[in-house]
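I'd like to go over a predicted model; first the sequence, then the structure.
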Amino acid sequence: RARGGEPVTKVVFIKAGLVHVTVEVPGQPGEPPKKRLVAKLGDGSYVGEMSCLEHTNATATVTVVEESQLYTMNAEDFNHLAETHPSWGKMTQRVAALRKTHLQTKQEES
């Protein structure tokens with residue numbers, strides 16, 4: 001599990017399986033924050049790219065919810081790959097931007 005707000009040191013590629021992506025949203029006054037499911041990602045997806053590209057902490061919590069086959073790439077290698085293969089890097093940045101907008105929208109929903 002990768003938790004929102006924690007440092008991200010790698011990108012995780014999902015070869016097979018399923019993960020849930022959740023964000024915390026404010027609860028009612030006096031109540032703790034609630035978790036909101038914002039995405040279900042499976043075969044061929046990846047997580048952690050936003051934080052690696054932007055050098056920020058995780059914006060969401062990722063939890064493996066069924067047996068999965070995962071591969072990782074450390075942030076330094078991921079960023080190097082994005083820099084040395086510009087078309088792939090631009091595509092990855094577009095995906096990260098879309099995901100960031102989606103997360104922000106889900107956090108703002110009541």
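Arrived safely.

drop to CA atoms for contacts and neighbour counts, all remaining ones
Noted.

and Val19, what is it in contact with?
The neighbourhood of Val19, defined by Cα atoms under 8 Å, 6 or more residues apart in numbering, consists of 40-42, 62-66.

again, only this time at 7 Å
Val19 makes contacts with 40-42, 62-65, as judged by Cα atoms under 7 Å, 6 or more residues apart in numbering.

list the buried residues in the strand or helix carrying Thr63.
Taking DSSP states H and E as the criterion, Thr63 maps to strand 61-74. Of all the residues in strand 61-74, those buried under the rule 16 or more other Cα atoms under 10 Å are 61-62, 64, 70.

next one: phi and psi at Gly5?
phi 90, psi -10 (degrees, to the nearest 10).

let me redo that: Gln107
Torsion angles, degrees, to the nearest 10, at Gln107: phi -70, psi -30.

what does Gly48 give?
Torsion angles, degrees, to the nearest 10, at Gly48: phi 100, psi -10.

likewise for Arg99?
phi -70, psi -40.

following the host helix or strand of Ala16, which helix or strand comes up?
Assessed by DSSP H and E, Ala16 sits inside strand 10-25. Sequence-wise, the next helix or strand downstream of strand 10-25 (DSSP H and E) is strand 34-42.

pull out the buried positions in that next one.
Buried residues in strand 34-42 (16+ other Cα under 10 Å): 35-39, 41-42.

and the angle from the lowest-mean-pLDDT helix or strand in the chain to strand 34-42?
When the helices and strands of the chain are scored by mean pLDDT, DSSP states H and E, helix 86-108 comes last with a mean of 87. Angle of helix 86-108 versus strand 34-42, following axes from the mean of the first three to the mean of the last three Cα atoms, to 10 degrees, is 150 degrees.
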